[in-house]
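> From the sequence below, what's the structure:
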Amino acid sequence: MALNIKPLSDRVIVEPAAAETQTASGIIIPDTAKEKPQKGTVVAVGNGKKDQPMTVQVGDTVLYGKYAGTDLKFESKDYLIMREEDILAII
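Down below sits the predicted model:
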(Lines give C-alpha, C1' and ligand atoms only; values in the text may rest on other atoms or scores of the structure.)
Protein backbone atom coordinates (compact mmCIF):
# COMPACT_ATOMS: atom_id res chain seq x y z
CA MET A 1 0.00 0.00 0.00
CA ALA A 2 1.98 2.96 -1.21
CA LEU A 3 0.43 6.23 -0.11
CA ASN A 4 1.82 9.49 -1.50
CA ILE A 5 0.96 11.43 1.67
CA LYS A 6 3.59 11.91 4.39
CA PRO A 7 2.09 12.96 7.75
CA LEU A 8 3.97 15.56 9.78
CA SER A 9 5.21 15.33 13.36
CA ASP A 10 3.34 12.73 15.45
CA ARG A 11 0.46 12.20 13.02
CA VAL A 12 -0.60 8.84 11.59
CA ILE A 13 -2.80 7.94 8.62
CA VAL A 14 -5.12 4.99 9.26
CA GLU A 15 -7.29 3.06 6.81
CA PRO A 16 -10.44 2.16 8.79
CA ALA A 17 -11.67 -1.43 8.75
CA ALA A 18 -14.96 -2.13 6.98
CA ALA A 19 -18.08 -1.61 9.08
CA GLU A 20 -19.86 -4.72 10.33
CA THR A 21 -22.86 -5.67 8.18
CA GLN A 22 -24.04 -8.60 10.30
CA THR A 23 -23.98 -9.40 14.01
CA ALA A 24 -22.49 -12.60 15.43
CA SER A 25 -25.99 -14.05 15.77
CA GLY A 26 -26.77 -13.38 12.08
CA ILE A 27 -28.89 -10.23 12.29
CA ILE A 28 -28.24 -7.92 9.32
CA ILE A 29 -27.48 -4.33 10.35
CA PRO A 30 -29.14 -1.65 8.16
CA ASP A 31 -27.02 1.20 6.76
CA THR A 32 -28.64 3.76 9.07
CA ALA A 33 -27.66 1.81 12.22
CA LYS A 34 -24.04 1.03 11.34
CA GLU A 35 -21.43 2.45 13.69
CA LYS A 36 -18.16 4.03 12.65
CA PRO A 37 -15.37 1.42 12.95
CA GLN A 38 -12.84 1.87 15.74
CA LYS A 39 -10.18 -0.39 14.24
CA GLY A 40 -7.90 0.13 11.27
CA THR A 41 -4.51 -0.38 9.66
CA VAL A 42 -1.72 2.21 9.75
CA VAL A 43 -0.69 3.18 6.20
CA ALA A 44 1.65 6.15 6.88
CA VAL A 45 3.54 7.47 9.91
CA GLY A 46 5.19 10.83 10.60
CA ASN A 47 8.68 11.32 12.04
CA GLY A 48 7.52 11.85 15.62
CA LYS A 49 8.30 14.66 18.01
CA LYS A 50 11.85 15.76 18.78
CA ASP A 51 11.96 14.06 22.18
CA GLN A 52 9.41 11.28 21.52
CA PRO A 53 9.85 8.67 18.75
CA MET A 54 6.84 7.01 17.12
CA THR A 55 5.69 3.68 18.58
CA VAL A 56 3.38 2.62 15.74
CA GLN A 57 4.66 1.43 12.37
CA VAL A 58 3.16 1.04 8.92
CA GLY A 59 1.09 -2.14 8.80
CA ASP A 60 0.09 -2.17 12.48
CA THR A 61 -3.57 -2.83 13.26
CA VAL A 62 -4.72 -0.29 15.85
CA LEU A 63 -7.73 0.62 17.96
CA TYR A 64 -8.64 4.29 18.21
CA GLY A 65 -11.31 6.44 19.84
CA LYS A 66 -14.77 6.68 18.32
CA TYR A 67 -14.42 10.38 17.47
CA ALA A 68 -10.65 10.41 16.87
CA GLY A 69 -9.07 11.79 13.76
CA THR A 70 -10.11 13.77 10.72
CA ASP A 71 -11.72 12.11 7.71
CA LEU A 72 -9.65 12.20 4.55
CA LYS A 73 -10.61 11.00 1.08
CA PHE A 74 -7.67 10.33 -1.25
CA GLU A 75 -7.83 8.52 -4.60
CA SER A 76 -11.41 7.35 -3.86
CA LYS A 77 -10.40 5.69 -0.55
CA ASP A 78 -11.34 6.82 2.94
CA TYR A 79 -8.63 7.42 5.54
CA LEU A 80 -8.33 8.99 8.97
CA ILE A 81 -5.46 11.27 9.95
CA MET A 82 -4.87 11.51 13.70
CA ARG A 83 -2.24 12.14 16.32
CA GLU A 84 -0.48 9.10 17.74
CA GLU A 85 -1.92 9.90 21.18
CA ASP A 86 -5.44 9.22 19.80
CA ILE A 87 -4.47 5.57 19.24
CA LEU A 88 -5.56 3.43 22.17
CA ALA A 89 -3.88 0.10 21.42
CA ILE A 90 -1.93 -1.92 18.86
CA ILE A 91 -3.49 -5.30 18.10
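> Quick check, central residue of the chain?
The chain has Val14 as the residue nearest its centroid, 3.0 Å off, counting by Cα atoms, centre = their mean.
> contacting residues for it?
If a contact means Cβ atoms under 8 Å, 6 or more residues apart in numbering, then Val14 has Gly40, Thr41, Val42, Val43, Val62, Tyr64, Gly69, Tyr79, Leu80, Ile81, Met82 as its contacts. For the C-beta atoms, the positions are set from N, CA and C on the backbone; glycine is no exception.
> you'd agree the third one is up against Met54?
In this case it means Val42. No - contact between Val42 and Met54 fails when scored by Cβ atoms under 8 Å: they sit 9.8 Å apart.
> Neighbour count for these two, which is higher?
Counted by other Cβ atoms under 10 Å, Val42 and Met54 do not tie: Val42 has more neighbours, with 21 against 17.
> among the helices and strands of the chain, which one scores worst on average pLDDT?
strand 70-74 (a mean of 89; mean pLDDT, DSSP states H and E).
> hang on, the earlier thing: so which of the contacts of Val14 wins on neighbours?
Ranking the contacts of Val14 using other Cβ under 10 Å puts Gly40 first, with 24 neighbours.
> That one contacts Ile13, doesn't it?
No - at 9.6 Å, Gly40 and Ile13 do not qualify as touching, with contact defined as Cβ under 8 Å.
> between the two, what contacts are shared?
Common neighbours of Gly40 and Ile13, using Cβ under 8 Å, 6+ apart, are Leu80.
> Spell out, range by range, the strands that occur in this structure.
With DSSP state E as the criterion, the chain has strands at 11-16, 39-45, 61-64, 70-74, 77-83, 87-90.
> what pairs with the fourth one, and is each one parallel or antiparallel?
Going back to what we said before, that points to strand 70-74. Sheet pairing of strand 70-74 (DSSP bridges) gives strand 77-83 (antiparallel).
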